[in-house]
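J.: my questions concern the predicted model and sequence given below.
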Amino acid sequence: MNIWPTNPHHRGWLSGERTRLIEFGLGQVPDTAGARWLDERGQVDPSRPVPTWLTARAVHVQSLGHLLGIPGSRPAAERGMRALTGNLRDAEHGGWYAAVGVDGVPDGTKSAYAHAFVVLAAATATVAQLDGAEELLDEALSVLDQSFWDPAAGMHVDEWDRAFTELSPYRGINANMHAVEALLAAADALEQPRWADRAAVVAGRTAVWAEENGWRVPEHFDAGWTPQLDLNADRPEDPFKPYGATVGHGLEWSRLLLQVSAATAPDYAPTGELGEVSQQLYRRAVDDGWHADGAEGFVYTTDWSGKPVVRRRMHWVAAEAIAAAAALHRATGDDTYAVDYSRWWDYTAEHLIDRVHGSWHHELDEHNRPSGQVWPGKPDLYHAVQATLLPVLPLTPGPAVAVRDSLWVARAQANRYIQP
């Protein structure tokens, strides 16, 4: 049987696709104002603001590009860093704006989602040895810790006003999910395991909610952390807070739980508690989301019985399916996950990869035709790049340190490495 995740020819293909994606994004940060929204042809859309989360993702990706030896990535990452330490940073009240508009006026919302990505960007840039990165990481971790971490809940709150005086009653899983990834990256970059331990607290709380909800992760909560399962039922296509179960988040959590377990367990065992939860989340997401309406692809969301709600196909969901299947194959050695992995890549190659204009189509309709109702253009490389990188790296350390230290995985087992 040809096991794709460990096939050397496939590994070469991943390398080529990874380089193609990263090079597509080199022009996304043309100056020190931050990352721009790109259209279907990869051109800057001047009508859109500069978001902090998108700039941070660009810094993360281009810092990885620098570690991978891709020319042009370091300057692009440095320009993004200048935005994170410049116009996107609130020098008066601390933290980072949600975005800066085309008119230069900032959106003063302070969201845990954006701050988590600043931590991730700074951690990867620290490993890549960009000037000022470690200082930025220290500051971002301090804000995430002091302004967003709720120790009583073991979770991060979601959104403040600009001055950090008024806290929204909404609580969300999405920001906490990305905080887990960011905290793992920070633990690696600074060699401070306490941040990975905090990621484990968030992951454990989420695992309990998922099990109580039939392995469909509740996304929205009130101020007391009671799930609000009907939130946004009247606007189910919301790009950040959609109604129902988000299939891609079940897949993303599946991979993250394995990484948390590997990073925090002294004697990592893939069949341990989080490993079992990972497999349950993966199977539920695949059973609910894949081919759910008769056509190939993962639907965006389902209701709480698993019935499709938004049938559009998002590129990031396929990317997370690839990463989760690779992680589970690495952790368990079960070739069922390798079969899935090859299936998800076949779908991606046939429908998502744009070989004419570059990158991946970010959204397809229910017939797998390019669309843009929820996610127009091609602003994001983060998920796709990681789909080409995570399958050839260990579960721990994270991608930045693993690339820096050439910890390329040779076999399905979690921590057996080869030189590239």
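T.: Structure's in. What do you need?

J.: next, the nearest residue to H357 once chain neighbours are set aside: phi, psi?
T.: Nearest non-adjacent residue to H357, counting by C-beta to C-beta, 6 or more residues apart in numbering: R41, 4.8 Å away. Bear in mind the C-beta positions are built from the backbone N, C-alpha and C, glycine included. R41 adopts backbone torsions of phi -100, psi 10, taken as degrees, to the nearest 10.

J.: tally of neighbours for R41?
T.: 12 (other C-beta atoms under 10 Å).

J.: looking at the chain, which helix or strand is least sure?
T.: strand 417-418 (a mean of 38; mean pLDDT, DSSP states H and E).

J.: quick check: Y243 is in a strand.
T.: No - secondary structure of Y243 (DSSP: H, G, I helix; E, B strand; the rest coil): coil, not part of a strand.

J.: please name the residues that touch it.
T.: D230, L231, N232, A233, D234, R235, P236, T301, V309 (C-beta atoms under 8 Å, 6 or more residues apart in numbering).

J.: mind redoing it with 10 Å?
T.: Applying C-beta atoms under 10 Å, 6 or more residues apart in numbering, one finds that Y243 lies in contact with 219-220, 229-237, 301-304, 309-310.

J.: what subset of those residues is buried?
T.: Using 16 or more other C-beta atoms under 10 Å as the burial test, these include E219, H220, L229, L231, N232, T301, T302, D303, W304, V309, V310 as buried.

J.: Three-state assignment for the fourth one, please.
T.: Right, the one you point to is L231. On the basis of three-state DSSP, L231 is classed as coil.

J.: confidence score at it?
T.: On pLDDT, L231 comes in at 97.

J.: any idea how far it is from S73?
T.: L231 is 39 Å from S73, where distance means C-beta to C-beta, to the nearest Å.

J.: picking up where we left off before, which of the buried ones among the contacts of Y243 fall within strands?
T.: Among those, the residues falling in strands (DSSP state E) are H220, T301, T302, V309, V310.

J.: got a list of what the third one touches?
T.: Taking C-beta under 10 Å, 6+ apart as the criterion, T302 is in contact with 216, 243-247, 250, 284-285, 288-289, 292, 308-311.

J.: thinking again about what came up before, out of the buried ones among the contacts of Y243, who's nearest P46?
T.: V310 (28.9 Å; C-beta to C-beta).

J.: what residues are up against that closest one?
T.: 236-238, 242-244, 246-247, 299-302, 366, 373-374.
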